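Novice: The sequence isn't on hand, but the structure is:
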């Protein structure tokens with residue numbers, strides 16, 4: 001009951017944040033009382049997230065990784081060792097007793113282990129801050145799990161992630177981002193269709209655009225609306241549509257279909273921006289921007 005109350009309060013606060021942001025857009029500024037209200041609202045939201053009450057109803061372990069930033073540990077490496085069992089993984093000195101890697105290498109090793117075990121789980125999050133160059137492929141504490149990925153069950157990976165001498169290589173199917181958007185546009189009615197398409201961008205990517213339009217974050221970012229139309233247009237303009245691709249990670253279990261007495265499947269793809277191509281082996285070097293997911297309800 002208490003957890004439900006906290007989650008409901010959070011959603012109500014998000015609605016209030018949205019209304020205040022809309023008022024600022026319409027009026028060009030906020031009154032002092034509105035500024036104070038917005039500040040207090042953001043503080044309460046942070047406390048709810050810090051306590052973890054918003055995320056307790058989930059089976060995606062990446063949630064625990066994200067809220068680890070709010071925990072205090074005497075040894076910084078314990079941030080990894082304390083949660084690796086949730087993933088059923090062992091890294092660092094837990095498998096090499098005489099090895100005590102620094103935190104940066106331990107984080108890389110842990111992230112690679114997650115992606116090697118299941119690329120879908122390894123990418124089932126969004127960055128809340130821009131990751132280091134060459135590190136967008138793995139989760140950090142500056143991350144969160146969107147509501148659309150809170151449920152993570154019966155994953156069927158369709159890609160492979162492995163480490164080479166100088167980088168991490170992902171192998172699988174991909175398609176140009178404009179082709180996927182064109183397919184989504186051709187669906188008859190995105191508001192009333194058996195097919196649901198979502199484009200969920202990393203927070204740091206979309207926040208400048210959403211702030212300008214009064215769009216909010218957690219609750220609204222996963223609704224099957226047409227926000228992907230606006231975001232896809234901005235993405236193509238800012239990064240060049242020829243540089244955007246969607247890499248198929250695989251599919252996970254979705255809702256139960258009563259007519260067919262089986263669970264539906266939800267396909268997850270990673271949105272990538274191609275930065276350059278290695279002339280020697282023809283491999284693309286890419287930077288992660290978010291993810292796409294598509295679900296078809298069978299009736």
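Specialist: In hand now; what should we look at? A quick note: this is a predicted structure, and the numbers were derived from the prediction, not measured. Numbering: from 1, shown residues only.
Novice: Low-confidence stretches in the protein?
Specialist: Within the chain, the ranges that satisfy pLDDT under 70 run 1-4, 6-7, 25, 49-57, 68-72, 165-166, 187-195, 209-227, 276-284, 296-299.
Novice: can you give me the helices in it?
Specialist: 2-27, 32-51, 62-67, 78-81, 103-117, 119-122, 177-186, 203-213, 218-221, 227-239 (DSSP state H).
Novice: so how far is residue 77 from residue 130?
Specialist: Distance, residue 130 to residue 77, by Cβ to Cβ, to the nearest Å: 24 Å. C-beta here means a position set from N, CA and C on the backbone, and glycine is covered the same way.
Novice: wait, residue 11
Specialist: 36 Å.
Novice: quick revisit: return the most buried member of the helices of the chain.
Specialist: helix 119-122 (a mean of 24; mean count of other Cβ atoms under 10 Å).
Novice: Would you mind pulling up the elements that that one packs against?
Specialist: Helix 119-122 is packed against helix 103-117, strand 159-163, strand 244-257, with contacts defined by 3 or more Cβ pairs under 8 Å, 6 or more residues apart in numbering; DSSP states H and E.
Novice: and stretch 249-264, how far from the chain's centre?
Specialist: 21 Å (Cα atoms, centre = their mean, to the nearest Å).
Novice: where does stretch 97-111 sit relative to the chain's centre, distance-wise?
Specialist: 24 Å.
Novice: what's the span of it, first residue to last?
Specialist: 20 Å (Cα to Cα, to the nearest Å).
Novice: what's the answer for stretch 140-150, then?
Specialist: OK, stretch 140-150 end separation, Cα to Cα: 17 Å.
Novice: Stretch 258-265 too?
Specialist: 14 Å.
Novice: repeat for stretch 228-247
Specialist: 17 Å.
Novice: ok, and what's touching that stretch?
Specialist: Stretch 228-247 is contacted by residues 159, 170, 172-178, 180-181, 184-185, 197-199, 201, 206, 209, 213, 269-275, 284, 286, 289, 292 when judged by Cβ atoms under 8 Å, 6 or more residues apart in numbering.
Novice: Just the buried ones from those residues?
Specialist: Neighbour-count burial (16 or more other Cβ atoms under 10 Å) is assigned, among these, to 159, 170, 172, 174, 177-178, 180-181, 184, 197-199, 201, 206, 209, 269-273, 284, 286, 289, 292.
Novice: farthest residue from the center of the chain?
Specialist: Here the chain reaches farthest from its C-alpha mean at residue 98, the gap being 35.2 Å by Cα atoms, centre = their mean.
Novice: Pull up the gap between that residue and residue 163, please.
Specialist: Taking Cβ to Cβ, one finds residue 98 at 22 Å from residue 163.
Novice: same question, residue 288
Specialist: 17 Å.
Novice: neighbour-wise, which of those two wins?
Specialist: Neighbours were counted for residue 288 and for residue 163 using other Cβ atoms under 10 Å; residue 288 has more, 20 against 13.
Novice: for the more buried one, what are its contacts?
Specialist: 123, 127, 131, 136, 137, 202, 270, 271, 272, 273.
Novice: Which residue comes closest to the fifth one once chain neighbours are left out?
Specialist: Excluding the flanking residues, the one nearest residue 137 by Cβ to Cβ, 6 or more residues apart in numbering is residue 168, at 5.5 Å.
Novice: quick revisit: among the helices of the chain, which is nearest residue 89?
Specialist: Between residue 89 and those, the tightest spacing by Cβ to Cβ is seen for helix 103-117, at 4.9 Å.
Novice: And that closest one, what does it pack against?
Specialist: Partner elements for helix 103-117 (3+ Cβ pairs under 8 Å, 6+ apart): helix 78-81, helix 119-122, strand 159-163.
Novice: Quick one: neighbours of the closest residue to residue 173 other than its chain neighbours, just the number.
Specialist: Counting by Cβ to Cβ, 6+ apart, residue 248 is the residue found nearest to residue 173 once chain neighbours are left out, at 4.5 Å. Using other Cβ under 10 Å, the number of residues around residue 248 comes to 19.
Novice: before we move on, what about residue 30?
Specialist: Neighbour tally, residue 30, other Cβ under 10 Å: 15.
Novice: from memory residue 10 sits against residue 45, does it?
Specialist: Yes. Contact criterion Cβ atoms under 8 Å: residue 10 and residue 45 qualify, at 6.2 Å.
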